[in-house]
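Enquirer: A predicted structure for the sequence below; I have some questions about it.
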Amino acid sequence: MAQDTVATPSARLPGGTRAFAAEGSALRLDLTGAGLGGAWVTIRFSDAGSGGIARLLITQLCADRQGAVLSEEASGGDGFAWTGRLPEGVSALVLSPLAPGRPFALAEFSIRRRGRLALTARAALRHPTSTARAVYWRCLGLKVRGRGLLTAALGHRRGTGYPAWIRRFDTLDGAERARLRAEAAAWPDPPLISILMPVHDPAPAVLEAALRSVRAQLSPHWELCVVDDASTDPAVAGRLAAHAAADPRIRVMRRAVNGHIARATNDALAMARGGYVAFLDHDDVLSETALFHVGTTVRADPGLVLIYSDEDKIDGRGRRFEPHFKSGFDRELLYGQNYINHLTVVRTADLRALGGLRPGFEGSQDHDLLLRLTRGLAPERVRHIPKVLYHWRAAGGSGTFSDRALAQAEAARLRALAEVAAAFGARAERGPLGFNRLVRPLPDPAPRVSVIIPTRDRAELLGTVLDGLFAATDYPDLEVVVVDNDSREAATRALFARYAGERRLKVLSVPGPFNFSDLSNRGAAAATGAVLMFLNNDVEIIEPGWLTEMVSIVLDPGVGAVGAKLLYPDGTLQHGGIVLGIGGVAGHSHLGLPGAEPGYFARMVLTQEVSAVTGACLAVRADVFAAVGGFDAEHLAVAFNDVDLCLRLRGAGYRNVWTPHARLVHHESKSRGPEDTPEKRARFEAETRVMQARWEPQLRADPYYNPNLARGSAHFRL
């Protein structure tokens, strides 16, 4: 139930107060007779404990029929707000959990009317250009166009710097701190978290900060298992003894001989009495809410094996910087880098079953552990907490092994992946920037790939892609199915004549209105390959191994669709995977980034899972494509059919993967042009509504895009 611990809440409306009605896990607010139809309003609410991360959907009902979902934004702390125009005939608002089993806790809710002058002033502060255009069209009497521009201006959100984000979303006041303490103290049968801390000659001041961060935890359900790995500085032993004497939850053991981090951590693991263990370096700092959120997560799902959080860095003056707002569990990304890193919490029994950390992998011992731990582990048993719970020290006095011996750490990381890869016949290579690269094998013989290219004239584009496929692609067995949609130009006939003797080319004539989904489905039906490669006619092949890379991944039984790194002709990035919720439905990751740039924490040089990839270059096994029903030709003729397909693949249990090791150039929309006519715009808006009605919860919560990041674009910014 969304409100299983508090009474059904009420809402403050312009005419008074109304109570919500509980409907299962949702809440319904009846607006009949409130006079809010067609009114411009601001809705504010508080979801206690959310920390500014959305946990509910607000859906408008008109005559009890579902309408649009409101796109609220975080306003600081647990608060959210939405300003806009309610539709004529609005009868109710329904608040429902964004994800099953993840309840919200509505603390307050209000709706306030907004005057025209106040709205215009607010919009002008957010986006002056759109506001000026809205006023212009309103003055000309074009109300609908003016409303649309004003709504867009009100929804515009500027970037936020990290210090401002900390003040708004990661700073507790006294009342909230007391609330969390009381809640944790009242937990029945609380999980005990054992913190493992190996210590070897840190600067005394940073060790003191680490110890104090543990003792300052708002949850009291912890123990600290410290192993002094033969430190030579007597101040270290003194500080450890003082803290152990002051708090019985701190236990200290000293090794007679320095054994390095893996052995020291394993000794701490042997001391642990908790059901879960958390890793803390001797110079780092925990957020005061860290173990509260870990405890809450474990209590909600006791079957979890691995829990991790976001992190940032902290300097010698305690200033926080370089936050890492992470993805949900991403097996492919973990092969390449230890993006999980800090804070990591593992079920104690599972860690002991693995034998703990392995000596000999120093510098990458955590990555090695995570690769072994997650091998065969169901994603449902891994949980990402999208909160900054760990501050990684980046100042003098820490002396981490990885900083002192980077080459050795890289070698250990590669060796760890090689062991995992060998289990399914793959190999590990050093990738860009020293990260890992997993290279999967092709079977012998390699399966046939059917490349499906919908087209209408533009022979100069189609000729480029055909030349690239037949002369510049090193894959051993491919056929090309060109689905010709009413081509009429002589140049196109000449191109087909030039390739008349190419036995690998099949031209399928499909007349009628342009419908990308239907054309692609027909091409798939005519294909003979075990793998389908959907390719736009404006793609240019620039390296021979692109298809081998994509096919090697798509043959993994757990993989659905595979996408490539697509560049604009000027070398900037066009497609780095698709992020849900951008611009209302979906948008391209890192759009416009210089092609050689690594992106957010090297995301654009590492293979990774994504929610969707573009249909401009999409590989999928033919049987899997057929099993999920292909592209939706009835409702999504042109836009979002690729996103819809990928979401259905995910719903069927497959992972979608984007690889930077298959690069092509995409002359985007050159063949059919931009969405710049009233008919095209109307069709695009209709397809947008289809996606929102079909996939709204998923669009609001892309598991691979951190909920703290802005959704105006997928540039991984606050």
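Expert: Great, that's in hand.
Enquirer: what ranges does the stretch 251-400 of the chain have for its strands?
Expert: Using DSSP state E, counting those that start in this stretch, the strands found in the stretch 251-400 of the chain span residues 276-279, 285-286, 306-314, 320-324, 344-347, 382-393.
Enquirer: longest helix anywhere in the protein?
Expert: helix 678-700 (DSSP state H).
Enquirer: for it, packing partners?
Expert: strand 56-62, strand 65-70, strand 578-580, helix 641-651 (3 or more Cβ pairs under 8 Å, 6 or more residues apart in numbering; DSSP states H and E). (Each C-beta comes from the backbone N, C-alpha and C, glycine too.)
Enquirer: CSV for these, including mean neighbour count, distance to Asp570 and mean pLDDT?
Expert: As requested, those are exported to CSV (neighbours: other Cβ atoms under 10 Å; distance: least, Cβ to Cβ, whole Å; pLDDT from 0 to 100):
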stretch, mean neighbour count, distance to Asp570, mean pLDDT
strand 56-62, 20, 39, 87
strand 65-70, 16, 37, 74
strand 578-580, 26, 21, 96
helix 641-651, 23, 24, 97
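Enquirer: show the contacting residues for Ser46.
Expert: By Cβ atoms under 8 Å, 6 or more residues apart in numbering, Ser46 lies in contact with Gly77, Asp78, Gly79, Phe80, Leu106, Ala107, Glu108, Phe109.
Enquirer: mind listing what the closest residue to it other than its chain neighbours touches?
Expert: The shortest distance from Ser46 to any non-neighbouring residue, by Cβ to Cβ, 6 or more residues apart in numbering, is to Ala107 (4.2 Å). Ala107 makes contact with Pro9, Phe45, Ser46, Asp47, Ala48, Asp78, according to Cβ under 8 Å, 6+ apart.
Enquirer: pick the most buried one from the strands of the stretch 251-400 of the chain.
Expert: Counting by mean count of other Cβ atoms under 10 Å, strand 276-279 has the highest mean neighbour count of the strands of the stretch 251-400 of the chain, with a mean of 26.
Enquirer: give me the sheet partners of that strand and which way each runs.
Expert: Here strand 276-279 has these sheet partners by DSSP bridges: strand 193-199 (parallel), strand 344-347 (antiparallel).
Enquirer: sec struct for the nearest residue to Pro441 once chain neighbours are set aside, please.
Expert: Nearest residue to Pro441, sequence neighbours excluded (Cβ to Cβ, 6+ apart): Gly425, at 5.2 Å. The three-state assignment at Gly425 reads coil, by DSSP: H, G, I helix; E, B strand; the rest coil.
Enquirer: thought Gly425 was touching Val439?
Expert: No: the pair Gly425 and Val439 fails to qualify as a contact (Cβ atoms under 8 Å) at a distance of 10.3 Å.
Enquirer: look at these two and report which has more neighbours.
Expert: A count of neighbours by other Cβ atoms under 10 Å puts Val439 above the other of Gly425 and Val439, at 16 against 9.
Enquirer: residues touching the more buried one, list them.
Expert: By Cβ under 8 Å, 6+ apart, Val439 lies in contact with Ala421, Ala426, Arg427, Ala428, Glu429, Ser552.
Enquirer: still on that earlier bit, mind putting the strands paired with strand 276-279 into TSV with mean pLDDT and distance to Glu597?
Expert: Below are the strands paired with strand 276-279 laid out as TSV (pLDDT from 0 to 100; distance: least, Cβ to Cβ, whole Å):
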stretch	mean pLDDT	distance to Glu597
strand 193-199	98	36
strand 344-347	98	28
